[in-house]
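Enquirer: How does the following fold in three dimensions:
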Amino acid sequence: MTDTFEKSASSDSEKYENDILGTDWTFQQDSAKPHIHHLTQQWCNNNFPSFIDKDHGPPNSPDLNPLDHSIWDELAHAVNWDKVKSKNILIVEMKRAVGTIRQQVLFESCASWTNRLYRISQNGGEYFSIIKIMYFVEL
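Expert: Here you go, the predicted model:
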């Protein structure tokens, strides 16, 4: 079963990489339990040329991940939750909502990555809260 899953995942990811992303992209993994599992880490190490393992990446990746930083919030606000009454309707509504996310939101989230990386490094590698950022800006 693992071999079948790996072949399926590989062919799906290769198709996604080639058709959607092209060659100029970077994969960033978060710290979700399935992602930090030793088998996942081993697979990534064997298959990604510049893999940064869980022990060497930032401990609180939501500060760095563009999806966690702002895009999930934008998506959650775009979903018409009153329509969602089943899994199938949820899937349809999520697909619709994804199409409404403004390109500017995507761009700004990705463009602010270096700024978030700098804030984490200034905070000793630890999470920083949006409250600290707002307070800092007000000064």
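
Enquirer: which residue ranges form the helices in the protein?
Expert: Using DSSP state H, the helices of the chain run over 2-16, 33-36, 38-47, 66, 72-78, 87-98, 103-111, 113-122, 130-138.

Enquirer: Comparing these by mean pLDDT, which bottoms out?
Expert: Within the helices of the chain, the stretch with the lowest mean pLDDT is helix 130-138, showing a mean of 42.

Enquirer: now residue 110: how far from residue 101?
Expert: From residue 110 across to residue 101, the span is 13 Å (C-beta to C-beta, to the nearest Å). Every residue, glycine included, has its C-beta placed from N, CA and C.

Enquirer: Please disregard the earlier target; I meant residue 33.
Expert: 27 Å.

Enquirer: which of the two has more neighbours?
Expert: residue 101 (16 against 7; other C-beta atoms under 10 Å).

Enquirer: Please name the residues that touch the spatially closest residue to the more buried one that is not a sequence neighbour.
Expert: Excluding the flanking residues, the one nearest residue 101 by C-beta to C-beta, 6 or more residues apart in numbering is residue 74, at 5.3 Å. Contacts for residue 74 (C-beta atoms under 8 Å, 6 or more residues apart in numbering) come out as 101-102, 105.

Enquirer: same thing but at 10 Å, please
Expert: With contact set as C-beta atoms under 10 Å, 6 or more residues apart in numbering, residue 74 has these partners: 67, 97-98, 100-102, 105-106, 109.

Enquirer: Buried among the residues you listed? Make that a ChimeraX selection.
Expert: Paste this into ChimeraX to select the buried members of the contacts of residue 74, with burial taken from 16 or more other C-beta atoms under 10 Å:
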select :97,101,109
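
Enquirer: tell me the domain ranges of the protein?
Expert: 1-57, 60-139 (automatic domain parsing).

Enquirer: Correct me if wrong: residue 92 contacts residue 84.
Expert: Yes. Residue 92 lies in contact with residue 84 (C-beta atoms under 10 Å); the separation is 9.1 Å.
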